[in-house]
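Peer 1: Dropping a prediction and its sequence here:
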Amino acid sequence: MLEIKCPYCGKRSQNEFSYGGDGNIKRPALGAEISTKDWDDFVYFRDNPRGRHTELWHHVSGCRQWFKASRDTATHEIFSTCKMNEDFNE
Amino acid sequence: MSNQYRTSNSKGLINKEKIINFTFNGSSYQGYEGDTLASALIANGVHLIGRSFKYHRPRGFLGVGVEEPNAMVQLHEGDRSEPNIMATEVELVEGLKAKSQNCWPSVKFDIGEINNLLNRFFPAGFYYKTFMWPKSFWFKVYEPIIRKAAGMGVAPLSPDPDRYEHNYEHCDVLVVGSGPSGLSSALAAAKNGARVILAEDKAHFGGSLLNDDVTIGNMSGREWASDVISQLKSMPNVVVKNRSQVFGYYDHNMTVMFERVSDHIENPSKYTPRQRLHYIRAGEVIVSTGSIERPISFGNNDRPGIFLSSAAREYMKVYETLVGKKPIIFTNNDSAYATALEFLRNDIKPIIVDTRDSSEGQLVKEVQGHGIAVRFNSGVANTKGHLKIKSATIGTLDGQKENFISLEEVECDCICMSGGWTPTVHLSSQAGNKLKFNEDIDAYVPDKKRQKETAIGSANGAFTLNQSLAEGFQVGFELSNKFTSNNIKTDVPTSNEPDQKPHEKLWCMPLPNGQKPKRFIDFQNDVAVSDVELALREGFRSIEHVKRYTTLGMAGDQGKTSNLNGLQYVSNIEKKIVPEVGHTTFRPPYTPVTIGTIVGREVGNHYLPTRKTPIHTWHEEHNAVFVAVGLWVRPRYYPRGTETMNDAVNREAANVRKNVGICDVTTLGKIDIKGPDAPEFLNRVYTNAWLKLPVGKARYGVMLREDGMVFDDGTTSRLSENHFHMTTTTAQAANVLSHLEYYLQVVWPDLDVNVLSTTEQWAGIAIAGPKSRELLAKLFPSIDVSNESLPFMGLVDAKLGDIPARIYRISFSGELAYEVNVESNYGLHLWKKIMETGSEFGVQPYGTEALATLRIEMGHVAGPELDGRTIPYDIGLNGMVSQNKDFIGKRSLSKDAFISEDRQTIVGLVPVDKKSKIPEGSHLVVDDKAPTPIPKLGHVSSSCWSVEYNNPFSIAILKDGKKQIGKKLIAVCPLKDISVPVEVVSSHYVDPKGERVRS
């Protein structure tokens, strides 16, 4: 069980959080013209890197805030977490 | 005569004043307080404990603790019965009942032993080679026989009556194991002010200090251990736990510990748990888990009476028990001589067989000083004795130690063997530590750590007391300094121990001339030297493959005594050094853990939380049959008298169509949405338009996922300019909230909107049916409920006496209907008030079944249609999709596959005979007798008995559905072996123009 530092609440066990997937995904702007390929890339395709990865977590059984985590997908080391409007402090 | 195998002069930790009665295989025995089941049986001369896994060979004890591979028993009887328990780990309690397993009809005469005689038909990997033909034999012949033969003990059939608990702990430093290094590191860390947990698997603290004749300061090892423990127990920053095994090491320094709380207590008090699982998140973990002695492989080295030499010593020194009176000590190192000395202390003269040419070690000299002639350059070749060892063949080795030169048979009643020591690296390995091979000790030790874990003492290959103490005090101080600023260093006491000379690198004896006895490596999995040879001969090279092919080092044992001997043998044959062979991965749990402990209190009603509405007690009092909907418990129907479910559901649904019914809809998800950008947010979340919804109006909305699939639906009302009340389906309430939070926090943080779940704050009651307006008018006399003032999709605030209420004119049943919300605490009051007021209109409650009937008849979609595979166009929601704005998932809807003509779309089905029920989940086909695979055109999603038309009706998702209306198909349910000819009709079966809801 991972120990995750919520940027609002501090360190908590993983069972308070839910995983939110790749944190690098940017949703296309509303109303923007977008090709089917680009849209499919956004909806379906995700990188699956081994190593450091920016991802989203949701403190669902806590403060209910979404935030970013920089985690090693191989070792589970979490290098840093930050609020959505912040950059990792490394 | 009982207890005839007790020592005369050893000073143990048992209490001979207190006799404990127990039975084994139906015979009564006596032991003493402080005994384990193992020590008490050995003291009574009982060595035959069970039969081995594969060959059903007679087996006894090898070890004294968790390393025991053989002596697994079935404990207790009835619903407390427990299989596969290591007898060495069971503390004796009055009335304990134990029996052998894996034998029939008895442990002394076991039919399964024929496997041993036929052993040449059961080589390594025999499962993969036999039972292959004829194919038809597998189900009827082979599998039932294998199933019967597989496994060891028997699981009880009734629920576990005991209580188990979970506990979460945090500490700065967790110390695992209370031997010399563990005690010193715990003491150093604790004195420096760190929060320390010290865990010891056994009942007694001290580890090797209980067995070794050493001094620390001016105390014996044992005295020093108990002194340190009493110091630690007196410190407020220390938790000391015995009978507690740290069995798993997971990510981010999460360790899991299994505590045997009351297994050793005769009559534990009522609420004392039997066992406890501790989740310990430790800042640093000190792995001071010690080491386990290695066996030696020689002919028939598995007979009852053949022990590890350290186990024999501990039986004498801790349990005052003799493993035999005519011992042979067989060793490749000095440590076994301490066992010889303990025998000598009890006036027993052992025969000593040492593979080495000589040793000048202190212990060796001391033994020789007792007039014992050590047989150097010798080995045990074979043994005899069916149910218990009777004699051993001892031989002199040649120069290369590859053959015996001469052989001699010697009587004995036990062999105490020692192949040196294996550091217990399991926890470090579980923590991700890459182990390295240490050639001085011929074993793996922890190397590069991945987590905050530090192995010390003999777990780290430091086999002398001096090293262990020095490492312990140093590491305990250094690690604790990360958490405190005290910088208090504790002095290392001086210690004294006998000097030991190096071991010999020899762990497998040659075969005696002309004989081929089995030389076991892994006792628990019945893997012999010949099995490893076979695996290599058949081309398996990777040690992981050899492990799986032979089962070496698997299962509950996790190779505690067998791993290194297996690796060593592979490396000998392959002419490689051990590090090149590599090692297999250690898995948690280190020792077996009961399922009860893992489950803890989460059993029965505590398995999941139960959510009940505030009206639940009324439902119970009125004979409701309940159904679980997610965590909620909802009334399914309310049978009267002798009514069947169908009778009750039809009555309830028909009453809604004819008079008026009420339904507890408190479980619907409710989300309060506020903020200046709330209308814009809803406009993006829902597929339809929201900007122009007037205050005081509700609107039905559908939301999609980005992939275009319908995610949820519900009505949302505008309470004021910037304040909305959203409802969701019961099932998706939590997911919708997370979804909204995601878009507000991650995607569009510029929107000024707040969302909050209010599901628990409101009780909701649906009032549906042609007489609902009359009922409502009587219930709220001060409110104008006419169609003009409160039209369909209108809402109004009202008061029920002094209680604030909100009335929504919305309908799920297709009838004229309302939903009244009050604060949860008043829900029951409102319900009772409606029942009372409505009696003159024929009001009846209806449950989820009637609710489903009413919505299916109307063709309203719900969970079965919103299955994550349907887009709005598939399920008749075309009118809900705005063409004038963008929203979540809209771009997906214009993809080719989603606008294709032959998508499966919603239709209604009526059986051709107007009688046969159509099972939900049925496939729709043209011809159910066609050769398989029969083309599938769609499936039945929801079925009901139409109370309007008095015949079955279903909703289905059918390929190119609209064009199929009027056609005849067959609904096939192979699971129930039912085929129903059906006619495709519109999904809007009742009131297709929707006139009733607006009446």
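Peer 2: Received it, and whenever you're ready, just let me know what you need. Residues are numbered from 1 along each chain as shown, chains lettered A, B, ... in the order given.
Peer 1: Show me where the stretch 551-700 of chain B has its helices.
Peer 2: B:563-574, B:578-581, B:595-599, B:616-621, B:645-658, B:678-685 (DSSP state H, counting those that start in this stretch).
Peer 1: And chain A, by the same measure?
Peer 2: Along chain A, the stretches classed as helices by DSSP state H are A:36-44.
Peer 1: Could you point out which of the helices of the stretch 551-700 of chain B sits nearest chain A?
Peer 2: Of all the helices of the stretch 551-700 of chain B, helix B:678-685 sits nearest to chain A, with 6.6 Å by C-beta to the nearest C-beta. C-beta: built from backbone N, CA, C; applies to glycine.
Peer 1: Figure out which of the helices of the stretch 551-700 of chain B is closest to B:Ser230.
Peer 2: helix B:595-599 (29.0 Å; C-beta to C-beta).
Peer 1: I'd like the distance from that closest one to the chain centre, please.
Peer 2: 8 Å (C-alpha atoms, centre = their mean, to the nearest Å).
Peer 1: do the same with stretch B:370-380
Peer 2: Taking mean C-alpha positions (C-alpha atoms, centre = their mean), stretch B:370-380 and its chain are 50 Å apart.
Peer 1: Start and end of it, how far apart?
Peer 2: Stretch B:370-380 has an end-to-end distance of 23 Å (C-alpha to C-alpha, to the nearest Å).
Peer 1: ditto for stretch B:741-749
Peer 2: Start-to-end, stretch B:741-749 (C-alpha to C-alpha) is 10 Å.
Peer 1: ok, and what's touching it?
Peer 2: A:20, A:27, A:56, A:58, A:64-66, A:84-85, B:681, B:684-685, B:751, B:753, B:755, B:888 (C-beta atoms under 8 Å, 6 or more residues apart in numbering or on different chains).
Peer 1: Now with 6 Å, please.
Peer 2: Identification of contacts with stretch B:741-749 by C-beta atoms under 6 Å, 6 or more residues apart in numbering or on different chains yields A:Arg27, A:Trp66, A:Met84, B:Val753.
Peer 1: is the second one in a bridge, and if so with what?
Peer 2: On the basis of DSSP bridges, A:Trp66 is bridged to A:His58.
Peer 1: How about the contacts made by it?
Peer 2: A:Leu56, A:His58, B:Gln745, B:Val746.
Peer 1: any idea how far B:Ser181 is from it?
Peer 2: 45 Å (C-beta to C-beta, to the nearest Å).
Peer 1: same deal with the third one?
Peer 2: Going from A:Met84 to B:Ser181 by C-beta to C-beta gives 47 Å.
Peer 1: so who does the residue nearest the centre of chain A touch?
Peer 2: Centrality entry for chain A: nearest residue to the mean C-alpha point is A:Leu56, 1.6 Å, by C-alpha atoms, centre = their mean. Taking C-beta under 6 Å, 6+ apart, we find A:Leu56 in contact with A:Gly20, A:Gly21, A:Gly23, A:Trp66.
Peer 1: helix/strand/coil for the closest residue to B:Glu360 other than its chain neighbours?
Peer 2: Leaving aside its sequence neighbours, B:Glu360 sits nearest to B:Lys501 (C-beta to C-beta, 6 or more residues apart in numbering or on different chains; 6.0 Å). What DSSP: H, G, I helix; E, B strand; the rest coil gives for B:Lys501 is coil.
Peer 1: What's the per-residue pLDDT of B:Lys501 here?
Peer 2: Note for B:Lys501: predicted pLDDT of 94.
Peer 1: which intervals of chain A have sub-threshold pLDDT?
Peer 2: The model of chain A has pLDDT under 70 over residues A:90.
Peer 1: Would you map the strands across it?
Peer 2: A:3-6, A:10-13, A:18-22, A:52-58, A:66-72, A:78-83 (DSSP state E).
Peer 1: so what secondary structure elements neighbour the first one?
Peer 2: Counting contacts by 3 or more C-beta pairs under 6 Å, 6 or more residues apart in numbering or on different chains; DSSP states H and E, the secondary-structure elements packed against strand A:3-6 are strand A:10-13.
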